[in-house]
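1. Fold the following and give me the result.
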Amino acid sequence: MFVDEVEIRIQAGGGGNGCLAFRREKFVPRGGPSGGDGGDGGDVILESSERHNTLVHFRFNPEHKAGRGGHGEGSNRQGKRGRDVVLRVPVGTVVADALSGERLADFTEPGQQQILAHGGHGGRGNARFATSTNQAPRRVEPGQPGEFRKLKLELKLLAEVGLVGFPNVGKSTLISVLSAARPKIADYPFTTLTPNLGVVRISGDEDADSFVVADVPGLIEGAHAGAGLGTRFLRHIERTRVLAHLVDVSGFSGRDPVHDVEVIEGELRDFGAGLSEKPALLVASKVDIADADKLAALRALAVLRQQPLHEISAVTGAGVDALKYALAQRLRETKLEPPEAAAS
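-> Below you'll find the predicted structure:
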């Protein structure tokens, strides 16, 4: 099960109480205070891990609590520190406060750690309060409570190229040809319900040996407002550097390719997060069964925009290699360009 959004509740451990005790030994009837401090509570720590690729392990286990610090003891013995709890999340997870919406962490590399709830400090024992005028204090401090937080975790896939387009335009078939990914492929809309990642290898290209492609479920009009779960799908391409916009030009779709281009571009623009500013390659899909008028209309749009049009068939393999090298070249260019130029 692919789960990319969950809410969890975390509770750091409370600090142990300080101890009220006095030294009692033979021949030392009034040995003075000897109450030790309480131990600090355990922290709740989030750590990014490559072994996880979904948030499903939080779906049915949303509450996590660290250990409480031990109470202080006599003979100036400090309480034991509470046990930390380490929660492992996939690389690409964004953590926000569920109540305020404040972003707390963004895990972009494996092995990153961040404390999201700090344990409470242990209370001081009565030995801490001894003074020249109060040599037998009976004052102690209770341990402080640990932090409590309600967190919202969102997984945003880490990929360099994102495939976008309407449902059933051939995105899953293309990623299965470009990479070793094997998504579900069928001839009906919304076959893909979860994002898929594939690694594309470029032989003989020293600057871009490989890159990661994300195939997100098809978008529909109103996706930026949540139609067809569009907002959940669009966030998975926020981190990409280049987009490949697939347009179905077959005679069986019953769609207008020029209108499809305008709709998808409008959804990317309305969603925000800089999606409409990313470099995009226009791709005519299913050219092996293309409708001549539709393909001509899309070619005319590309000429009008002075934008290259990549014509491919993922079934026959026509144009796929050329598209692969074009994507690698555009990625190479975005590495060399400043952010403003790459987005233009």
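2. So for the residue nearest to the spatial centre of the chain, what's the nearest residue that isn't a sequence neighbour?
-> Per C-alpha atoms, centre = their mean, the C-alpha nearest to the average position across the chain is that of T93, at 2.4 Å. Spatially, and ignoring its direct neighbours in sequence, T93 is nearest to F107 (4.9 Å; C-beta to C-beta, 6 or more residues apart in numbering). (Each C-beta comes from the backbone N, C-alpha and C, glycine too.)
3. which residues touch that neighbour?
-> Applying C-beta atoms under 8 Å, 6 or more residues apart in numbering to F107 gives the contacts L46, S48, V89, P90, V91, G92, T93, V94, V95, Q114.
4. My read is that the fifth one contacts D106, right?
-> No. Under the contact definition of C-beta atoms under 8 Å, V91 does not touch D106, with a separation of 10.5 Å.
5. neighbour count winner among those two?
-> Just comparing V91 and D106: by other C-beta atoms under 10 Å the higher neighbour count belongs to V91, 20 against 16.
6. ranges for the strands of this protein?
-> With DSSP state E as the criterion, the chain has strands at 5-11, 44-49, 63-65, 85-90, 93-97, 103-106, 113-117, 148-155, 161-164, 196-201, 210-215, 242-248, 280-285, 309-311.
7. Need those strands in JSON lines (columns: distance to A318 and mean pLDDT).
-> Below are the strands of the chain laid out as JSON lines (distance: least, C-beta to C-beta, whole Å; pLDDT from 0 to 100):
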{"stretch": "strand 5-11", "distance to A318": "38", "mean pLDDT": "93"}
{"stretch": "strand 44-49", "distance to A318": "40", "mean pLDDT": "94"}
{"stretch": "strand 63-65", "distance to A318": "52", "mean pLDDT": "96"}
{"stretch": "strand 85-90", "distance to A318": "36", "mean pLDDT": "93"}
{"stretch": "strand 93-97", "distance to A318": "39", "mean pLDDT": "93"}
{"stretch": "strand 103-106", "distance to A318": "40", "mean pLDDT": "94"}
{"stretch": "strand 113-117", "distance to A318": "48", "mean pLDDT": "96"}
{"stretch": "strand 148-155", "distance to A318": "35", "mean pLDDT": "93"}
{"stretch": "strand 161-164", "distance to A318": "18", "mean pLDDT": "88"}
{"stretch": "strand 196-201", "distance to A318": "17", "mean pLDDT": "78"}
{"stretch": "strand 210-215", "distance to A318": "19", "mean pLDDT": "82"}
{"stretch": "strand 242-248", "distance to A318": "14", "mean pLDDT": "91"}
{"stretch": "strand 280-285", "distance to A318": "11", "mean pLDDT": "91"}
{"stretch": "strand 309-311", "distance to A318": "8", "mean pLDDT": "92"}
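8. Tell me which of these lies nearest to S179.
-> strand 196-201 (2.9 Å; C-beta to C-beta).
9. Run through the neighbouring helices and strands of that closest one.
-> Where contact means 3 or more C-beta pairs under 8 Å, 6 or more residues apart in numbering; DSSP states H and E, strand 196-201 is packed against helix 171-178, strand 210-215, helix 320-336.
10. For that strand, buried residues please.
-> N196, L197, G198, V200 (16 or more other C-beta atoms under 10 Å).
11. I'd like those as CSV, with distance to G82 appended.
-> Below are the buried residues of strand 196-201 laid out as CSV (distance: C-beta to C-beta, whole Å):
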residue, distance to G82
N196, 41
L197, 38
G198, 43
V200, 47
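12. Need the pLDDT of M1.
-> At M1, the model reports a pLDDT of 50.
13. Wait, S285 touches L309, no?
-> No. Between S285 and L309 there is no contact under C-beta under 8 Å: 11.2 Å.
14. Now for the protein, the helix or strand with the poorest mean pLDDT.
-> Sorted by mean pLDDT, DSSP states H and E, the helices and strands of the chain end with helix 339-343, the least confident at a mean of 42.
15. Would you tell me which one of the helices and strands packed on strand 196-201 is buried the most?
-> Burial of the helices and strands packed on strand 196-201 is given as mean neighbour count (mean count of other C-beta atoms under 10 Å); helix 171-178 ranks first at a mean of 24.
16. circling back to that earlier point, out of the helices and strands packed on strand 196-201, flag the one nearest G67.
-> strand 210-215 (38.8 Å).
17. what inclination does the closest one have with respect to helix 171-178?
-> Relative orientation of strand 210-215 and helix 171-178, computed by axes from the mean of the first three to the mean of the last three C-alpha atoms, to 10 degrees: 160 degrees.
18. Give me the angle between strand 210-215 and helix 320-336.
-> 110 degrees.
19. send the alpha carbons of strand 210-215 over as PDB?
-> C-alpha atoms of strand 210-215 as PDB (Å, rounded to 0.1, in the frame of the first residue of the first chain):
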ATOM      1  CA  SER A 210      21.300   8.100 -15.200                       C
ATOM      2  CA  PHE A 211      18.300  10.100 -13.900                       C
ATOM      3  CA  VAL A 212      15.200   9.300 -12.000                       C
ATOM      4  CA  VAL A 213      11.800   9.700 -13.700                       C
ATOM      5  CA  ALA A 214       8.500  10.000 -11.800                       C
ATOM      6  CA  ASP A 215       5.200   8.800 -13.400                       C
END
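20. before we move on, the earlier item: redo the contacts of F107 as TSV? Include distance to G16.
-> TSV is the format used below for those (distance: C-beta to C-beta, whole Å):
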residue	distance to G16
L46	25
S48	31
V89	29
P90	35
V91	36
G92	38
T93	32
V94	34
V95	28
Q114	25
